[in-house]
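Q: coordinates only, no sequence provided:
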């Protein structure tokens, strides 16, 4: 793997949110009863995304599988559309809708506390980065839709860029610049498809938020990291560098301005 330094302060205004890198299913024994749960936990994990963005110094990840606690969901099921599928903050169903007994993980209160701890950490990191900071919401997705996915359209793009329709939304010029840049690299890019939006936090600072979702076929082959991984990491680093050039810390290229 390419060795990349993280000492440069040019990324100091970036907070990298990677909530789905974890695969740990606490207290789940290696018995056939939980085989589907373990398989789905691997299937939904953002495999090695933290390694793809190793050059970013300010990363927030999770050790737990999203089946134990999904940090990307709303804590309030009334606000979370995926809660209807048993996949809100605390999952109760597998990707095909099959119920599972999540009591095997332990007390739900523990995972709710962990959820709020991580979100408080996100808020703190953004406030430390200050006004003009950039929240990168970093994920990967499967080549083909899963039964639980809202968007079942195929073929899926190489890259999905997601953003909110609020004050965290990057300026139109920034969105188009990064889309065009990736397209020039030969990548198929869609906006807010097959996934939409970006993580937010209730902070006292003004920041923009952009979700970057990578098709797993971009960097995985048969479930393993592909041989040209260093090239993919360089491309992602160049992409983040290009984004920084479009929206540096003091540029104030907010959509609402």
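A: Received it, and whenever you're ready, just let me know what you need. As the structure is a prediction and not an experimental result, all values here were calculated from the model.
Q: poorly predicted segments of the stretch 101-250 of the chain, please.
A: Within the stretch 101-250 of the chain, the segments meeting pLDDT under 70 span 227, 247-250.
Q: which residues of it fall in helices?
A: Ranges of helices within the stretch 101-250 of the chain are 108-129, 172-184, 229-246, based on DSSP state H, counting those that start in this stretch.
Q: against which helices or strands is the longest one packed?
A: I take that to be helix 108-129. If contacts are counted by 3 or more Cβ pairs under 8 Å, 6 or more residues apart in numbering; DSSP states H and E, helix 108-129 sits against strand 14-18, strand 59-61, strand 133-141. In this view, the C-beta of every residue, glycine as well, is placed from N, C-alpha and C.
Q: one more time with 7 Å, if that's ok
A: Other elements packing on helix 108-129 under the criterion 3 or more Cβ pairs under 7 Å, 6 or more residues apart in numbering; DSSP states H and E are strand 14-18, strand 59-61.
Q: then the shortest one?
A: Using 3+ Cβ pairs under 7 Å, 6+ apart as the contact criterion, the elements in contact with helix 172-184 are strand 159-162, strand 189-191, helix 229-246.
Q: to residue 96, which of those lies closest?
A: strand 159-162 (22.6 Å; Cβ to Cβ).
Q: sheet partners, orientation included, of that closest one?
A: strand 189-191 (parallel), strand 207-215 (antiparallel) (DSSP bridges).
Q: residue 217 contacts residue 141, doesn't it?
A: No - in this structure residue 217 lies outside contact range of residue 141 using Cβ atoms under 7 Å: 9.7 Å.
Q: and the two? which has more neighbours close in?
A: Counted by other Cβ atoms under 10 Å, residue 217 and residue 141 do not tie: residue 141 has more neighbours, with 24 against 15.
Q: look up the closest residue to that one, ignoring the ones flanking it.
A: residue 213 (5.3 Å; Cβ to Cβ, 6 or more residues apart in numbering).
Q: and the gap between the one you found and residue 177?
A: As judged by Cβ to Cβ, to the nearest Å, residue 213 and residue 177 stand 18 Å apart.
Q: next: residue 126.
A: Counting by Cβ to Cβ, the gap from residue 126 to residue 177 is 23 Å.
Q: deepest of the strands paired with strand 159-162, which one?
A: Most buried of the strands paired with strand 159-162 by mean neighbour count (mean count of other Cβ atoms under 10 Å) is strand 207-215; its value is a mean of 23.
Q: still on that earlier bit, residue 126 and residue 177 - which one has more neighbours?
A: Ranked by neighbour count (other Cβ under 10 Å), residue 126 and residue 177 place residue 126 first, with 26 against 18.
Q: isn't residue 140 right next to residue 49, touching?
A: Yes - if you go by Cβ under 7 Å, residue 140 and residue 49 touch, sitting 5.5 Å apart.
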